[in-house]
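Peer 1: here is the input, now give the coordinates:
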Amino acid sequence: MRHEYFEWNGVKSTSYGVYVSEQPPIMVPVERVEYKDVAGRSGSVAITEGERVYKDLTMAVKCWAKQDADLAIITRWIRGQGRITFANRPEGYYKGRLSSQAELKRFERSDVREFTLSFRCEPYLYLKSNEKIQMTTTGQVRNLYNEDALPIIQVTATGDFELTVNGEVCKFTGITEGVTINSMIQEAYHGSTNMNGKMTGDFPILKPGDNAITWTQNVTGITITPNWRKT
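Peer 2: Presented below is the predicted three-dimensional model:
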């Protein structure tokens, strides 16, 4: 019986006496699409919700534990939303939550029990390699992966300024101590102070390939946490 693991919020399952006998397969997400029949023509028309809009992934992990394992403690550990790292994709993590009940089943003539944990996950693998990028002059940032990244950008600036990423302009007015632009949660802030009211424009996206980044006067530099992800 194999002794592999999964991690939940940075803690290995083996810390709870839970071992993995079968990891979930590496899956490619499918588009969220609706099919409609059109009168007078064969087949159907696929209507997508947008470019790169995917369905969630269901990741099932086959596990085993000792006969006296307390499933209540195990499921309490993985309750709610979390980050899941599977041993067969150690370079990143999925964001998800436990989506089904688990039932311990006893092996015949064995002192261990098996069960399956199913997680409903966002359709992206978020890369653990996420080093900050510091820029003091305008230039380019390269996204080496196949999906858009939603960065967190800390801007050192005062007064009014514009930050432009791939031609998309984000404007700020009346900034006194800098601002953080968080595309992951669609919020602009400085510390605990919300800055959405000082911003106009869309939150920046780092597309696959080269991304041109420029800014106007009053900005002395930016620090980007890219949040790289792939499918």
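Peer 1: pLDDT weak spots in this structure?
Peer 2: 1-3, 46, 48-50, 101-110 (pLDDT under 70).
Peer 1: can you give me the helices for the protein?
Peer 2: 71-77 (DSSP state H).
Peer 1: convert the C-alpha atoms of stretch 12-28 to CSV, please.
Peer 2: Provided in CSV are the C-alpha atoms of stretch 12-28 (Å, rounded to 0.1, in the frame of the first residue of the first chain):
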residue,chain,number,x,y,z
LYS,A,12,0.5,17.0,5.0
SER,A,13,-2.2,14.4,5.4
THR,A,14,0.3,12.0,7.0
SER,A,15,0.3,14.3,10.0
TYR,A,16,-3.2,13.0,10.6
GLY,A,17,-2.4,9.4,9.8
VAL,A,18,-4.0,9.7,6.4
TYR,A,19,-2.1,8.2,3.4
VAL,A,20,-2.9,8.3,-0.3
SER,A,21,-3.3,5.1,-2.3
GLU,A,22,-4.3,6.9,-5.5
GLN,A,23,-3.8,10.5,-6.5
PRO,A,24,-6.3,12.3,-8.7
PRO,A,25,-5.4,12.3,-12.4
ILE,A,26,-4.0,15.4,-14.0
MET,A,27,-7.1,17.0,-15.6
VAL,A,28,-7.7,19.7,-18.2
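Peer 1: how far off centre is it?
Peer 2: 19 Å (CA atoms, centre = their mean, to the nearest Å).
Peer 1: show me what counts as buried in it.
Peer 2: 13, 16, 18, 19, 20, 23, 24 (16 or more other CB atoms under 10 Å). Any C-beta I mention is one placed from the backbone N, CA and C, and that applies to glycine too.
Peer 1: mind listing residues that contact it?
Peer 2: For stretch 12-28, contacts defined as CB atoms under 8 Å, 6 or more residues apart in numbering pick out 1-7, 57, 59-66, 69, 73-74, 77, 86-89, 114, 231.
Peer 1: among those residues, which are in strands?
Peer 2: 6-7, 57, 59-66, 86, 114 (DSSP state E).
Peer 1: tell me the two of those that are most distant?
Peer 2: Taking every pair in the ones in strands among the contacts of stretch 12-28 and measuring CB to CB, the maximum separation is 29.6 Å, between 57 and 66.
Peer 1: out of those two, which sits in the busier spot?
Peer 2: residue 57 (20 against 11; other CB atoms under 10 Å).
Peer 1: quick check: the more buried one touching residue 118?
Peer 2: No: the pair formed by residue 57 and residue 118 falls short of the contact definition of CB atoms under 8 Å, at 10.5 Å.
Peer 1: follow-up on the earlier one: and the furthest pair within the buried residues of stretch 12-28?
Peer 2: 16 and 24 (18.6 Å).
Peer 1: which residue lies nearest the spatial centre of this structure?
Peer 2: residue 126 (4.8 Å; CA atoms, centre = their mean).
Peer 1: for that residue, what are its contacts?
Peer 2: 83, 92, 93, 94, 95, 227, 228, 229.
Peer 1: distance to residue 181 and neighbour count added to these, as a markdown table?
Peer 2: Below are those laid out as a markdown table (distance: CB to CB, whole Å; neighbours: other CB atoms under 10 Å):
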| residue | distance to residue 181 | neighbour count |
| --- | --- | --- |
| 83 | 23 | 16 |
| 92 | 23 | 18 |
| 93 | 23 | 23 |
| 94 | 25 | 23 |
| 95 | 21 | 16 |
| 227 | 12 | 18 |
| 228 | 17 | 22 |
| 229 | 18 | 23 |
